[in-house]
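Asker: Pasted the sequence and its predicted model underneath.
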Amino acid sequence: MKDLLTTTDLTLEEIRGILSDAQSFSEGATWRPEKQTFVTNLFFEASTRTKCSFEVAERKLGLDVIPFEVSTSSVLKGETLYDTVRTLEAIGVNAVVIRHNQDRYFEELVGKINIPVLNAGDGCGHHPTQSLLDLLTIQQEFGQFVGLKVAIIGDIRHSRVARSNADALQRLGAEVVFSGPEGWFDETLLQNGRYEDVDTAIETSDVVMLLRIQHERHEQNGANLVDEYHQAYGLTVEREQRMKRDSIIMHPAPVNRNVEIADSLVECERSRIFKQMENGVYVRMAVLKRSLEGSFTNVNHHQKWSLAHK
Amino acid sequence: MKDLLTTTDLTLEEIRGILSDAQSFSEGATWRPEKQTFVTNLFFEASTRTKCSFEVAERKLGLDVIPFEVSTSSVLKGETLYDTVRTLEAIGVNAVVIRHNQDRYFEELVGKINIPVLNAGDGCGHHPTQSLLDLLTIQQEFGQFVGLKVAIIGDIRHSRVARSNADALQRLGAEVVFSGPEGWFDETLLQNGRYEDVDTAIETSDVVMLLRIQHERHEQNGANLVDEYHQAYGLTVEREQRMKRDSIIMHPAPVNRNVEIADSLVECERSRIFKQMENGVYVRMAVLKRSLEGSFTNVNHHQKWSLAHK
Amino acid sequence: MKDLLTTTDLTLEEIRGILSDAQSFSEGATWRPEKQTFVTNLFFEASTRTKCSFEVAERKLGLDVIPFEVSTSSVLKGETLYDTVRTLEAIGVNAVVIRHNQDRYFEELVGKINIPVLNAGDGCGHHPTQSLLDLLTIQQEFGQFVGLKVAIIGDIRHSRVARSNADALQRLGAEVVFSGPEGWFDETLLQNGRYEDVDTAIETSDVVMLLRIQHERHEQNGANLVDEYHQAYGLTVEREQRMKRDSIIMHPAPVNRNVEIADSLVECERSRIFKQMENGVYVRMAVLKRSLEGSFTNVNHHQKWSLAHK
């Protein structure tokens, strides 16, 4: 059984294996577990993209999804996360995907639950499938990571993916720089990359990775921040024109149009924003396959893993 | 790719084609797309009938339904309808069904999204599958529309279906009259039918089509309106006795019992109210088939369209 | 067509038949209806266990589940339960599972609806699948009911299952005693069992069946009750050590840890709490099979009922 908790826990070999499977899925490969397999998505925070993406990935693998709505569950009666997941295990659920607003919520589960936990985002911590889909998108574009310069720009301190992306990119051989408001930079980030002013970062990088401004986490700063952010740190139409030839734009979405990026650039030629969403499905298929293969290791089953190009 | 936005946009040939397919489905015909096909139902307004009806129709066609709950989606983070639907398209959803409280919400999508949009109701505007199921129910009963008199009675001004039903019925050759409180009649309706007092309308029509009183839209009028409505404009037990032989009663539901119609008449012999709901599934199967056939036109696929009577 | 409303309505033969089918399912038997079959779960009260358990059971039988969220349904527009269920019947749903906070809500439906109703809990009344899974768990453990002593301890007055479990256990030949706060005992319970002090009950019974303290129903008593309950009436570590050899612990869950039962005992060797949850799926498969076989009696169909041990 293999959990997916953080990208920093993954070895380079594991990352490359997941990206390879995801690439195969993007080319039409299919895989299905032998037995009827149940999965539940526990989303304690709002999300369109991640939840729907897992739902599509699960159905493409032929899994049966057991619906679970937090708002109508016994969590309202004070049930702990452990008891909720242990219950799902008892009734036959084979894997759980969890998004939770608490950092490292999964420590309550790991080693006590006998079904794999796939982390779909914990607090300000990790969001491994987002990191992996970012890596897949870059790999599809450039074929390799060595020699690439990647700029991560925006709300670095509150970002689930800034640190784990930077860590994985660096291990894979890329150079990482951070940009955005200097006050949001943090010395703990130095081990993964230096701070660079936004104009230099945008003009010299192969990948300009914008992060979402979390309105909900910046209430004290209010509307002024949002108004001024675009000119000071956003990807404006002018800055895009000074980007390197063949460089690409990424953003985890949902996009705040005209804040992190000019409205007209969201679907421009350099933008891989919707490509990232598409890749999210393939990455989630790959990590579900990895977890379910692990959880069935005691069973002699012949997996139907076939490459069937569309 | 074919959207379904309003019935007024549909040609008579298209209406007849949809009704013919729906009739085939009602007789046990089956159709399934060649490839695994994903659909999402985006309901921004409460609905039992329409949502569940689409859910059944989708499963009868073997589609995979990706659940989407507005209350736990990124719409809460201010995401636009365009970005939400574009996201669903990116992750592989093949068609979206949308109900929204804003009139003509679909103008934000049409021409920009590459998957079909099926309108399940927009504001006070249109509700094409409701209109089509009404037409199917009338066609099943009378075989044709020419020579029929149809009375549409009730909250004409706020009704999604009054105008579009009247337009389609008139184009198909039926005579339409409107009735109910005169203050709710509207000169713009004159192009589709004249106003008639409620007793004449009920006594002389082949189809008595009652509309729901939208409590939520008449708050200022309050309880008095509801109390008095039944006697003044409702289908009372007495009025039903004066209806033409072989004439039928229709209502889009949910019914306000003893307001639009006497409680004891809801399931009387003349009533087609639950027949309409049943027909809703067949009509939705037909429009989904029409949209999905359209969206796969570049693919060489042999549709499994077969008549298999139950 | 066979409803499942209360266990007291079931004959001993029916109970034994359901337990036998459930046992077969637990050993890997499979059964699927011939035709595509639709079921809807209407949960008007929060529940993880029961709802998810039905969802798994339904998918194991190959049923198509039509999602129904109370919070986005026409129930908000004041639609009655009858009209809601009648609508689901009209659109092709073949069975409904209902949990409702009103005692005997099903009286509004029985005899008027042509699809089976499976009661998943009504007010303080009945919860037949919970009773049946309790019986299955006891039967698996002891092989028979005659000669067993079962103690039901806790909030007997507000419990959905105390009365119906006691009734069924007694009919099957077991001896039942009730324990917990004496003020919660009720003379109407005397027909099924006598009151016994908690220490005697725990020390002399083969099955110690703990009931959940319904915080939500004891607001006036507040925190003190909860603090004192564990020492006075709960299954403490000390009391467990005085239990009979081979006796077992049961609880319908969700558990209030350190209230009804000490935290460390929830998954101890005697505990069948998670076994009960697993059995819940098999019992629900059995009652769904029973209801759907009944509803298809006019159709000549060869059921695929086969024992296929895992």
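Answerer: Arrived safely.
Asker: A:Ser205 is in contact with A:Ile152, isn't it?
Answerer: No: using CB atoms under 8 Å, A:Ser205 is not in contact with A:Ile152; the gap is 9.4 Å. Heads up, the C-betas are built off the backbone N, CA and C, glycines and all.
Asker: Name the residues contacting each of those two.
Answerer: Common neighbours of A:Ser205 and A:Ile152, counting by CB atoms under 8 Å, 6 or more residues apart in numbering or on different chains, are A:Val177.
Asker: Neighbour count for the two, which is higher?
Answerer: More crowded of A:Ser205 and A:Ile152, by other CB atoms under 10 Å in any protein chain shown: A:Ile152, with 29 against 24.
Asker: which one is that one nearest to, not counting chain neighbours?
Answerer: Distance criterion CB to CB, 6 or more residues apart in numbering or on different chains; nearest residue to A:Ile152, sequence neighbours excluded, is A:Met209 at 4.9 Å.
Asker: Over to that neighbour: give its phi and psi.
Answerer: Main-chain dihedrals, A:Met209, degrees, to the nearest 10: phi -100, psi 110.
Asker: One more: A:Gln191?
Answerer: phi -70, psi -20.
Asker: okay, now it: neighbour count?
Answerer: Neighbour count of A:Gln191, defined by other CB under 10 Å: 10.
Asker: tell me the contacts of the residue nearest to A:Asp186 when sequence neighbours are not counted?
Answerer: Leaving aside its sequence neighbours, A:Asp186 sits nearest to A:Arg157 (CB to CB, 6+ apart; 5.5 Å). Counting by CB under 8 Å, 6+ apart, A:Arg157 makes contact with A:Cys124, A:Trp184, A:Phe185, A:Asp186.
Asker: Can I get the buried part of the residues you listed as one ChimeraX selection?
Answerer: Those of the contacts of A:Arg157 that count as buried under 16 or more other CB atoms under 10 Å in any protein chain shown are selected in ChimeraX with:
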select /A:124,184,185
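Asker: With pLDDT, secondary structure and distance to B:Val65 as extra columns, can I get the contacts of A:Arg157 in TSV?
Answerer: Listed next are the contacts of A:Arg157 as TSV, based on pLDDT from 0 to 100; DSSP: H, G, I helix; E, B strand; the rest coil; distance: CB to CB, whole Å:
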residue	pLDDT	secondary structure	distance to B:Val65
A:Cys124	83	coil	33
A:Trp184	89	helix	41
A:Phe185	89	coil	44
A:Asp186	84	coil	43
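Asker: Name the nearest of the contacts of A:Arg157 relative to C:Val96.
Answerer: A:Cys124 (43.0 Å; CB to CB).
Asker: mind listing what the closest one touches?
Answerer: Shown in contact with A:Cys124 (CB under 8 Å, 6+ apart): A:Asp103, A:Arg157, A:His158, A:Ser159, A:Arg160.
Asker: can you check A:Leu133 too?
Answerer: Counting by CB under 8 Å, 6+ apart, A:Leu133 makes contact with A:Ala22, A:Gln276, A:Asn279, A:Gly280, A:Tyr282, A:Val283.
Asker: Surely the third one is in a helix?
Answerer: Yes: following the definition DSSP: H, G, I helix; E, B strand; the rest coil, A:Asn279 is counted among the residues of a helix.
Asker: Okay, now the unreliable bits of the stretch 201-310 of chain A?
Answerer: Along the stretch 201-310 of chain A, the parts satisfying pLDDT under 70 run over A:215-225, A:294-310.
Asker: For it, which residues are neighbours of chain B?
Answerer: Within the stretch 201-310 of chain A, the positions adjacent to chain B are A:His215, A:Glu216, A:Ala253, A:Pro254, A:Val255, A:Asn256, A:Phe274, A:Lys275, A:Met277, A:Glu278, A:Gly280, A:Val281 by CB under 8 Å from any CB of the partner chain.
Asker: Any chance of a ChimeraX selection covering the buried ones in those residues?
Answerer: Buried residues among those (16+ other CB under 10 Å), as a ChimeraX selection:
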select /A:215,253,254,255,256,274,275,277,278,280,281
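Asker: any idea how far A:Glu124 is from A:Ser164?
Answerer: For residue A:124 the amino acid is Cys, not Glu. 11 Å (CB to CB, to the nearest Å).
Asker: Same check on A:Gly280?
Answerer: For A:Gly280 relative to A:Ser164 (CB to CB), the value is 15 Å.
Asker: Same check on A:Thr200?
Answerer: In this structure, A:Thr200 and A:Ser164 are 24 Å apart, going by CB to CB.
Asker: cool, A:Glu196 as well?
Answerer: Taking CB to CB, one finds A:Glu196 at 20 Å from A:Ser164.
Asker: between these two, which one's more packed in?
Answerer: Shown here are A:Glu196 and A:Ser164; by other CB under 10 Å, A:Ser164 has more neighbours (24 against 18).
Asker: hang on, the more buried one packs against A:Thr8?
Answerer: Yes: contact criterion CB under 8 Å: A:Ser164 and A:Thr8 qualify, at 5.9 Å.
Asker: So for those two, which residues contact both of them?
Answerer: Listed as contacting both A:Ser164 and A:Thr8 by CB under 8 Å, 6+ apart are A:His126.
Asker: Who are the contact partners of the closest residue to A:Glu175 other than its chain neighbours?
Answerer: Counting by CB to CB, 6+ apart, A:Lys149 is the residue found nearest to A:Glu175 once chain neighbours are left out, at 4.8 Å. Residues counted as contacts of A:Lys149 (CB under 8 Å, 6+ apart) are A:Ala174, A:Glu175, A:Val176, A:Val177, A:Thr204, A:Ser205, A:Asp206, A:Val207.
Asker: next one: A:Leu292
Answerer: A:Pro33, A:Thr37, A:Leu61, A:Asn94, A:Ala95, A:Pro116.
Asker: ok, what's across the strand from A:Val150?
Answerer: The partner list for A:Val150 in beta bridges (DSSP bridges) reads A:Val176, A:Val207.
Asker: isn't there a strand covering the residue nearest to A:Asp186?
Answerer: No: counting by three-state DSSP, A:Arg157 is not part of a strand but coil.
Asker: Burial check on the residue of the stretch 1-150 of chain A found nearest chain B, number of neighbours?
Answerer: Going by CB to the nearest CB, chain B is nearest to A:Thr48 of the stretch 1-150 of chain A, at 4.1 Å. Number of residues near A:Thr48 (other CB under 10 Å) recorded here: 24.
Asker: Chain C contacts on the stretch 1-150 of chain A?
Answerer: Contact residues, the stretch 1-150 of chain A versus chain C (CB under 8 Å from any CB): A:36, A:38, A:40, A:64, A:66-69, A:71-79, A:83-84, A:86-93.
Asker: switch the cut-off to 10 Å
Answerer: A:35-36, A:38, A:40, A:64-80, A:83-84, A:86-93, A:112 (CB under 10 Å from any CB of the partner chain).
Asker: that older thread, the residue nearest to A:Ile152 contacts A:Asn165, correct?
Answerer: Yes: using CB atoms under 10 Å, A:Met209 makes contact with A:Asn165 at a distance of 7.2 Å.
Asker: if I look at those two, which residues touch both of them?
Answerer: Common neighbours of A:Met209 and A:Asn165 are listed as A:Asp134, A:Ile138, A:Val150, A:Ile152, A:Val176, A:Met250, A:Pro252 (criterion: CB atoms under 10 Å, 6 or more residues apart in numbering or on different chains).
Asker: Filter the residues you listed down to the ones in strands?
Answerer: Cross-referencing the shared contacts of A:Met209 and A:Asn165 against strands under DSSP state E gives A:Val150, A:Ile152, A:Val176, A:Met250.
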